[in-house]
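Asks: Model the following, please.
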Amino acid sequence: MNSAAFCIFLGSSIFGAAGWWIGNFFGFVPALIVSTVLSFVGMWAGWKFDRDHFSY
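Replies: Next up is the predicted model:
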């Protein structure tokens, strides 16, 4: 696994878990929606972090 894939995996996992925690206060479906949206945000953040810190 290269660094980009690892950063994307880590970002989507952390942001997705945070989204699930936040959305769970409002029920199952909101938790699923917020978790999905924040997982995509985490993928973008992980990709950007890798591009800024590890790419040549």
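Asks: buried sites along the longest helix anywhere in the chain?
Replies: The residue-count maximum for a helix in the chain (DSSP state H) belongs to helix 28-53. In terms of neighbour count (16 or more other C-beta atoms under 10 Å), helix 28-53 has its buried residues at 31, 34-35, 38-39, 41-43, 45-47, 49-50. In short, each C-beta sits where N, CA and C put it, glycine included.
Asks: which helices and strands does it pack with?
Replies: Packing partners of helix 28-53 (3 or more C-beta pairs under 8 Å, 6 or more residues apart in numbering; DSSP states H and E): helix 3-23.
Asks: JSON lines please, covering the buried residues of helix 28-53 and showing pLDDT and distance to Ala18.
Replies: Listed next are the buried residues of helix 28-53 as JSON lines, based on pLDDT from 0 to 100; distance: C-beta to C-beta, whole Å:
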{"residue": "Ala31", "pLDDT": "97", "distance to Ala18": "11"}
{"residue": "Val34", "pLDDT": "97", "distance to Ala18": "9"}
{"residue": "Ser35", "pLDDT": "97", "distance to Ala18": "8"}
{"residue": "Leu38", "pLDDT": "97", "distance to Ala18": "6"}
{"residue": "Ser39", "pLDDT": "97", "distance to Ala18": "10"}
{"residue": "Val41", "pLDDT": "97", "distance to Ala18": "10"}
{"residue": "Gly42", "pLDDT": "97", "distance to Ala18": "8"}
{"residue": "Met43", "pLDDT": "97", "distance to Ala18": "14"}
{"residue": "Ala45", "pLDDT": "97", "distance to Ala18": "11"}
{"residue": "Gly46", "pLDDT": "96", "distance to Ala18": "14"}
{"residue": "Trp47", "pLDDT": "95", "distance to Ala18": "18"}
{"residue": "Phe49", "pLDDT": "95", "distance to Ala18": "16"}
{"residue": "Asp50", "pLDDT": "94", "distance to Ala18": "19"}
